[in-house]
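>>> Quick one: sequence plus predicted model below, questions after.
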Amino acid sequence: MRKKLFAVTLSLALCTGLLAGCMSDSSSSSSSSSSMQSSSTMMDDVESGMSKVESDIQSGMSDMMDGSSSTSHSSSSEMSTSKAAAAAAALEDSAWATRLVNEANPLPEDFSIKTVMIEGYENRPFDARAADALEEMLADAETAGCKLYLVSAYRSVERQRNLFARKTQSFVNEGFPQEEAEKQAAQWVARPGTSEHNLGLAADIVSANWYSNHDDLTADFENTPEFEWLQAHCAEYGFILRYPKGKESVTGITYEPWHYRYVGKDAAAQIMAEGITLEEYTQQNA
Ligand SMILES: [Zn+2]
């Protein structure tokens with residue numbers, strides 16, 4: 001315990017000093033930390049502000065496949081049948097983690113998964129198969145002196161439908177015909193089933209300190225040590241920055257430095273190392 005406290009103190013000191021990032025040595029402790037709970041009142045105001053920024057804006061989807069290489073993995077002839085079968089089974093096992101969800105690949109109406117609440121929060125459900133990885137990442141970041149805050153996690157398709165309907169209604173009230181109102185709403189709120197949050201594997205994560213001074217999620221979160229830490233370490237926990245800068249024409253979504261997606265460690269390592277998107281990864285591994 002004493003050792004842990006020392007490490008935390010040291011990393012806090014470093015984090016507030018000249019270093020841009022946080023300490024990378026966070027392996028010493030990822031034990032449960034009750035201090036993840038935020039005391040800020042603003043942070044309890046989670047979903048209300050989301051529609052404004054969690055836009056999942058859908059422009060340029062038709063360009064989605066442009067520019068990505070189409071190399072596909074051909075199974076090696078040297079691979080034994082059992083190895084090939086094992087590899088196929090492994091791929092099958094991880095398919096849930098790399099499932100592509102976007103406007104062109106919506107989830108079915110009746111999509112459901114088993115979720116658990118993320119520790120330290122009252123209402124942040126996440127896919128039960130990936131919740132440990134998320135909790136570990138949040139705890140390790142804090143140990144490294146970069147306290148993160150989970151703004152949003154799983155949101156059901158039903159809830160997405162309500163958010164979308166509410167936004168659409170606001171445009172109808174302004175005088176737009178229904179169809180046009182829906183188009184306008186889609187600029188702000190993803191259509192039901194097309195948001196990664198409906199999948200249960202997406203997490204909007206920012207710096208707790210930064211968020212206490214911001215009403216909305218904005219791209220200037222990228223100028224924080226917490227973002228640096230996430231960039232450097234998210235793949236170690238199986239997460240990727242899902243909507244990177246410069247890939248808007250591929251993802252169809254504006255740059256979101258706060259939106260992280262669990263894809264599993266292998267896929268995350270490749271995606272982050274190559275600076276590609278899940279769309280491109282999926283195509284490469286098709
Ligand atoms: Zn998000």
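On my side now, so go ahead. If you're wondering where the values come from, they're calculated on a predicted model, not measured in any experiment.
>>> For Asp204, list the residues it contacts.
50, 54, 150-153, 197, 217, 256, 258-260 (C-beta atoms under 8 Å, 6 or more residues apart in numbering). The way it works is simple: take the backbone N, C-alpha and C, and place the C-beta from them, glycine included.
>>> OK, contacts around the residue lying closest to Ser207 once chain neighbours are set aside?
Nearest residue to Ser207 in three dimensions, chain neighbours excluded: Glu226, at 3.6 Å (C-beta to C-beta, 6 or more residues apart in numbering). By C-beta under 8 Å, 6+ apart, Glu226 lies in contact with 22, 141, 146-148, 206-210.
>>> Okay, and Glu226 sits in which element?
Per DSSP states H and E, Glu226 falls inside helix 225-233.
>>> Would the very next helix or strand once past that helix count as contacting the ion?
Per DSSP H and E, helix 225-233 leads on to strand 239-241 as the next helix or strand towards the C-terminus. No: residues of strand 239-241 contacting the ion under C-beta under 5 Å from the ion: none, with a closest distance of 11.1 Å.
>>> neighbouring strands for strand 239-241, and are they parallel or not?
With DSSP bridges as the test, strand 239-241 is paired with strand 259-262 (antiparallel).
>>> how about the CA coordinates for the partner strand, as CSV?
Provided in CSV are the C-alpha atoms of strand 259-262 (Å, rounded to 0.1, in the frame of the first residue of the first chain):
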residue,chain,number,x,y,z
HIS,A,259,-14.6,7.9,-28.2
TYR,A,260,-12.8,4.6,-27.5
ARG,A,261,-14.0,1.3,-28.8
TYR,A,262,-13.1,-2.2,-27.4
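>>> Name the nearest residue to Gln231, ignoring sequence neighbours.
In space, Gln231 is closest to Leu241, 6.8 Å off (C-beta to C-beta, 6+ apart).
>>> what do you get for His197?
The nearest residue in space to His197 (C-beta to C-beta, 6+ apart) is Arg155, at 4.2 Å.
>>> Low-confidence regions, this protein specifically.
1-81, 86-93 (pLDDT under 70).
>>> those helices in it, which residues are they?
Remark: helices assigned in the chain by DSSP state H are 2-15, 50-53, 81-94, 131-143, 157-173, 178-186, 208-211, 225-233, 248-251, 265-274, 278-284.
>>> is any part of stretch 119-133 close to the ion?
No: against the ion, stretch 119-133 shows no contacts by C-beta under 5 Å from the ion, the least distance being 12.4 Å.
>>> Next: stretch 242-256.
No: Stretch 242-256 lies out of reach of the ion by C-beta under 5 Å from the ion, never closer than 6.1 Å.
>>> What's the local residue count around Leu217?
24 (other C-beta atoms under 10 Å).
>>> Got phi/psi on it?
Per-residue torsions, Leu217: phi -80, psi 120 (degrees, to the nearest 10).
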